[in-house]
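Trainee: how would this look folded up:
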Amino acid sequence: MKKQDLNFKHLKEINESYIEHMSVALWYAYRLFKLTLKVIVHAIVPFVWHNEIDPSVRKLNQDRHDRICLKSRYLN
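Mentor: Predicted structure coming up:
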């Protein structure tokens, strides 16, 4: 890890406590883990979850975008 990768002001910049940030990050990690398992299964058995991977990735991205917009609305 490079020194520029460390941002000790990150929590202050996004206006979250350590616990809030940890819970959101772990929620994303859980969702990504589930998606990873589905992708692995889909890679081995292509006809399983063939319509679920792309929408799941889009949903994760939309949730992240909505969260950023919501926080910025309350911060301004």
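Trainee: host element of the residue lying closest to residue 10 once chain neighbours are set aside?
Mentor: Spatial nearest neighbour of residue 10, excluding adjacent residues (Cβ to Cβ, 6 or more residues apart in numbering): residue 21 at 7.9 Å. Every residue, glycine included, has its C-beta placed from N, CA and C. Residue 21 is part of helix 18-44 when elements are defined by DSSP states H and E.
Trainee: how near is the residue nearest to residue 10 to residue 53?
Mentor: Here the criterion is Cβ to Cβ, to the nearest Å. By it, residue 21 lies 27 Å from residue 53.
Trainee: same deal with residue 12?
Mentor: Relative to residue 53, residue 12 is positioned 36 Å away (Cβ to Cβ).
Trainee: Same drill for those two, tell me which one is more crowded.
Mentor: Using other Cβ atoms under 10 Å as the criterion, residue 12 and residue 53 rank with residue 53 on top: 14 against 9.
Trainee: pLDDT score assigned to the more buried one?
Mentor: Residue-level confidence at residue 53 comes out at 85, pLDDT.
Trainee: you'd agree it is up against residue 39?
Mentor: Yes - using Cβ atoms under 8 Å, residue 53 is in contact with residue 39, at 5.9 Å.
Trainee: how many neighbours does the residue nearest to residue 10 have?
Mentor: Residue 21: 14 neighbours (other Cβ under 10 Å).
Trainee: That one touches residue 12, doesn't it?
Mentor: No - applying Cβ under 8 Å as the test, residue 21 and residue 12 come out as separate, 10.8 Å apart.
Trainee: Now the residue minimising distance to the centre of the chain: closest residue in space that isn't a chain neighbour?
Mentor: Central residue check for the chain by Cα atoms, centre = their mean: the C-alpha nearest the mean position is that of residue 28, 4.0 Å away. Nearest non-adjacent residue to residue 28, counting by Cβ to Cβ, 6+ apart: residue 60, 7.2 Å away.
Trainee: do the same with residue 7
Mentor: Nearest residue to residue 7 in three dimensions, chain neighbours excluded: residue 13, at 7.6 Å (Cβ to Cβ, 6+ apart).
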